[in-house]
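structure for this input, please:
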Amino acid sequence: MRRTTIALGVVLAFLIPAPAPAQQPSPVQPDTGPLALVPPDSGRFRLTPLLAPAYNPEMEFLVAGGVLVSWKVGRNPLRVQRSTLSATISASTTGAVNVSTSLSSFWDEDRLRILADVAFKDMPDNYWGVGFDAGLAPSSKDTTTAYHRKWVKFNPRVLWAVSEHVMLGGVFDLNHTIATEVNPTMAADPTYQRYGPDNYNVGLGGILQYDTRDVAANAYSGMYAAITVTSYGGFLGGDNSYQTVLLDYRHYRSLGRPGRTLAWQVKSRIGAHTVPWSELSLLGTGYDLRGYVEGRFRDRSTLIALAEYRYMFLRSNGRLSRHGFVVWTGAGTLGNDLSHLHGILPNGGVGYRFEVQPRSNVRVDVGFGRASHGVYFNFTEAF
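This next block holds a predicted model:
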């Protein structure tokens, strides 16, 4: 209770916005070319519920239900981005329950952004150990990798504009992992033994971001580059003292018309000092190397590169339809730090897109990796 009170106090102080500098925001406008492919977005409030079967390598067969809420705030809705709030809950045949909520909101003509991710998992999970070699065998889940995990995460970020495309902000991160039903192989793992089954971590940090994307949720053009540095420690009531640096570069190029996009990303997460086993950098999630079991490959540092071709079909009248597809390829590597990366994990896949709200898609992706594959159901694009 004491730790929760401290954490909530930090969050309340953190979320009080400072005055934003005056600036002219980048206009977010529909295409006005001869075809006028993209119809104007009036900015009205929208709510879309969804329910669908799905499958992923961690939870296996599941039913996922969710809702996507979006809105615009501003005097001229054509000049501001649409804020989104997505929430999903999944229950699987393995007994797993996964609840996740993601907020991306734009205020004061995009001078202020408030972002947040909240997640809870109660599920059978797997731990192979640390490093590339540890994840190679066994190639699939078995009794030597199995355990049960309860995990909660609360990660708000607030950013203020300092120039037309540059933003500065702060980040708060709270995560808590409890491992039970640990198998003998995992119990004998030296990294697990060092940190134990219960890890509570609280961190504060900063973000520097450069963003020229036309629409953050589903960019057709522009670039995004950000560095996020977070420090965790006992000064906030956490169990472990460590730091993470997240480097994220994305580029989006429109190929001839809106809705036909080449997107690529290079991303690295670097850990330093006593990073617990539960918060090591992972390769193989629904947002990077889709097709690997999440948690199979973990280490203090990871590096990925992805390229994705995105295509939305046209209606007979020349406007964009609500249907599309993607094809992607990429690879990742991991190690103790960026100078000691080891092993290459190839990745590729295809996906279906359905626009449920303006520039907000539901995606179904089929990803393939080294001796593994997975099917993913999510709101918004992978990056």
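
in contact with Tyr287, which residues?
Residues near Tyr287 by Cβ atoms under 8 Å, 6 or more residues apart in numbering: Asn378, Ala382, Phe383. Backbone N, C-alpha and C define where each C-beta goes, glycine included.

mind putting those into JSON lines with secondary structure and distance to Arg44?
Listed next are these as JSON lines, based on DSSP: H, G, I helix; E, B strand; the rest coil; distance: Cβ to Cβ, whole Å:
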{"residue": "Asn378", "secondary structure": "strand", "distance to Arg44": "24"}
{"residue": "Ala382", "secondary structure": "coil", "distance to Arg44": "27"}
{"residue": "Phe383", "secondary structure": "coil", "distance to Arg44": "28"}
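
could these go into TSV alongside neighbour count?
Shown next, in TSV, are the contacts of Tyr287 (neighbours: other Cβ atoms under 10 Å):
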residue	neighbour count
Asn378	23
Ala382	22
Phe383	18
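
could the residues you listed go into a markdown table alongside distance to Val118?
What follows is these, written out as a markdown table (distance: Cβ to Cβ, whole Å):
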| residue | distance to Val118 |
| --- | --- |
| Asn378 | 16 |
| Ala382 | 19 |
| Phe383 | 20 |
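
could you dump these into JSON lines with pLDDT and distance to Val202 added?
Below are the contacts of Tyr287 laid out as JSON lines (pLDDT from 0 to 100; distance: Cβ to Cβ, whole Å):
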{"residue": "Asn378", "pLDDT": "85", "distance to Val202": "27"}
{"residue": "Ala382", "pLDDT": "94", "distance to Val202": "28"}
{"residue": "Phe383", "pLDDT": "96", "distance to Val202": "27"}
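
show me which of these is closest to Ala91.
Of all these, Asn378 has the smallest distance to Ala91: 16.3 Å, by Cβ to Cβ.

which residues does that closest one form beta bridges with?
Counting by DSSP bridges, Asn378 is bridged to Arg363.

that one is in contact with Gly351, isn't it?
No. Counting by Cβ atoms under 8 Å, Gly351 is not a contact partner of Asn378; they are 9.7 Å apart.

look at the residue most central in space within the chain and report its pLDDT.
Most central residue of the chain, judged by C-alpha distance to the mean C-alpha position with Cα atoms, centre = their mean, is Tyr287 at 5.6 Å. pLDDT recorded at Tyr287 is 93.

brilliant, that's me finished.
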